[in-house]
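J.: Requesting a structural model of the entry that follows:
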Amino acid sequence: EDKVLTTLKHMTGHGQPEAGMNIGPSQLSERVLREVFFPPFEAAINAGAASVMASYNEIDGIPSHANPWLLNDILRGEWGFDGPVVADYFAINELNIRHRIVDSLAEAGKIALESGVDMELPDGVAFYSLKDKIEAGEIDESILDRAVLRILQLKQRARLFDTPYADAAYADKITGNKEARELAYQAAIKAPVLLKNKNNTLPIAPSDYKKIAVIGPNSDIVVLGGYSDEPRQVVSILDGIKERWGNETQIIHSKGVELTSNRSWWDDNVSLADETENLSKIQEAVQKAQDADLIILAIGGDESTSREAWSETHMGDRNDITLIGQQTELVEALSSLEKPMVGVVISGRPLSLENVEDHFDALLYGWLLGQETGYAVADLLSGKAVPSGKMPVTVPRNVGQIPAFYNHKPTARRGYAFADASPLYAFGHGLSYTSFEFGNVSLSKDTISPDGNTTASITVTNTGDYKADEVVQLYIRDDVSSVTRPVLELKGFERITL
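T.: Next up, the predicted model:
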């Protein structure tokens, strides 16, 4: 009664399009699909996911909304999925108007329905145009019945016929309550990754500093991401630090720079903030920070710089992976003061910080931390909480290294002339305030058959001064194989508290 149904997005290859463009073709072989892209979907389906959304992109020339091999043979045949497949917004229309594989909306609806798409979102357009084809006998009614049945079964699974209305009073009572805020806080302290900590700059004791400057475009806002609504309460980095440390030190603030004109995920037109005004704000920030003993600089991006590119009039993809706007100039200007400086990166995108990293004594990569951002950052910087996150992606040094991922084949990543080929931040990397010792690695079986298994065991000891989480990661490599294998494959991980 208190659960929701989940939809898996997007089936599949959506995350690795040509040129990094949203909805672009995914140039993927069946082997790569089966080894890399299918397993997460199958695992989520086995865990009980209720529906699947097809992807905008094409694979091997076939758009996903018109791909019966993908939606019927694999999803339903091999994996046994019996829930509905839903269309991405207007994606069935695009079989006609963008992909150009059919010459009418009715034909688009027909090929999608026959390929395994059961519901059109957000509104019926192509499916509504099927009436004449159905009445003319051009569509097998059993296919229509199949789609209707799947939708009815979904509603039955959700108990919508028995309980058509939610308990509004109960929903209101638990939204933003103590338990919900604690869950949000726990997520916010576990997600960030400590990337750099020169001379153990972190954690800091706020009382050791007379004056701390909190600066940056993300210092006084909470970046929630484009698909998030507004929670009942949010805590910015500035507000969290003031509340947690205000009795121990003086906190001063300056914005430093603005990123864009209107910080909008929804508006079609978003422009970069005025450069002249930003340069003036940078001088103001430098002036304010001159008397500070420590600078905390919150940089990165927001909903307007990391958003879905859903049409030619609503752009969101970027051709640059460095800091947007005049943030680099802000970092360099503050660095000239020769104060200890801690960077907190709030961003939906993995950003290359190669051109500014040397200016920071410590770097905490926060991603998007949600409504409790400020409390989490304050507690992580002061040691009340200990960073434990590991990089979930590989961050390249520059665009020439894209695509960047850890499980590449042995002939990849040979190198570049006049440049470092190693990633800026490796997948799985993350520092801590304590130290962990790994030892006594063993296998339950040294030799296994192709369908056998072995259990790897290791002793992990916290040899430092802080109680903390460690994420133990297990990688394998097939040394001799009949087809080429990646240089590393993550096969297991476990977060433990010691």
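J.: what about residue 110, helix or strand, and which?
T.: Applying DSSP states H and E as the criterion places residue 110 in helix 105-115.
J.: With residue 225 instead?
T.: Here residue 225 is assigned to no helix or strand, by DSSP H and E.
J.: so what's the residue positioned nearest the centre of the chain up against?
T.: Residue closest to the average C-alpha location in the chain (C-alpha atoms, centre = their mean): residue 348, at 6.4 Å. Residues in contact with residue 348 (C-beta atoms under 8 Å, 6 or more residues apart in numbering) are 223, 225, 301, 306, 367-368. Any C-beta I mention is one placed from the backbone N, CA and C, and that applies to glycine too.
J.: wait, which of those is closest to residue 429?
T.: Closest to residue 429 out of those is residue 367 (14.3 Å), distances taken as C-beta to C-beta.
J.: Would you map the helices across the stretch 151-300 of the chain?
T.: 168-174, 178-190, 237-245, 275-289 (DSSP state H, counting those that start in this stretch).
J.: Of these, flag the one that's most buried.
T.: Among the helices of the stretch 151-300 of the chain, ranked by average contacts under mean count of other C-beta atoms under 10 Å, first place goes to helix 237-245 (a mean of 21).
J.: Are there helices or strands packed against that one, and which ones?
T.: strand 211-215, strand 250-254, strand 294-300, helix 373-382 (3 or more C-beta pairs under 8 Å, 6 or more residues apart in numbering; DSSP states H and E).
J.: Beyond the third one, next helix or strand please.
T.: It stands for strand 294-300. helix 327-335.
J.: pLDDT on that following helix, on average?
T.: Averaged across helix 327-335, pLDDT comes to 98.
J.: Stretch 15-30: end-to-end distance?
T.: 16 Å (C-alpha to C-alpha, to the nearest Å).
J.: no wait, stretch 7-22
T.: From its first residue to its last, stretch 7-22 covers 20 Å (C-alpha to C-alpha).
J.: Output the below-cut-off pLDDT ranges for the stretch 351-498 of the chain.
T.: Residues of the stretch 351-498 of the chain meeting the criterion pLDDT under 70: none.
J.: For the residue lying closest to residue 425 once chain neighbours are set aside, give me its contacts.
T.: Spatial nearest neighbour of residue 425, excluding adjacent residues (C-beta to C-beta, 6 or more residues apart in numbering): residue 395 at 4.1 Å. By C-beta under 8 Å, 6+ apart, the residues touching residue 395 are 350-352, 404, 423-425.
J.: And those, which is closest to residue 412?
T.: The closest of the contacts of residue 395, once distances to residue 412 are taken by C-beta to C-beta, is residue 404, at 10.2 Å.
J.: Please name the nearest non-neighbouring residue to the closest one.
T.: Closest to residue 404 by C-beta to C-beta, 6+ apart is residue 396, at 4.0 Å.
J.: what does residue 127 give?
T.: Nearest one to residue 127, counting by C-beta to C-beta, 6+ apart, is residue 120 at 4.4 Å.
J.: Look up the pLDDT of the one you found for me, please.
T.: Listed pLDDT for residue 120 reads 96.
J.: Was I right to think it contacts residue 109?
T.: Yes: with contact defined as C-beta atoms under 8 Å, residue 120 reaches residue 109; the gap is 7.4 Å.
J.: so what sits against both of those two?
T.: Common neighbours of residue 120 and residue 109 (C-beta under 8 Å, 6+ apart) are 92, 126-127.
J.: Which ones among those residues map onto helices?
T.: Using DSSP state H, the members of those that fall in helices are residue 92.
J.: ok, residue 277 touching residue 256?
T.: No: between residue 277 and residue 256 there is no contact under C-beta under 8 Å: 11.7 Å.
J.: okay, residue 187: pLDDT?
T.: pLDDT, read off for residue 187, is 97.
J.: again with residue 163
T.: For residue 163, the predicted pLDDT is 86.
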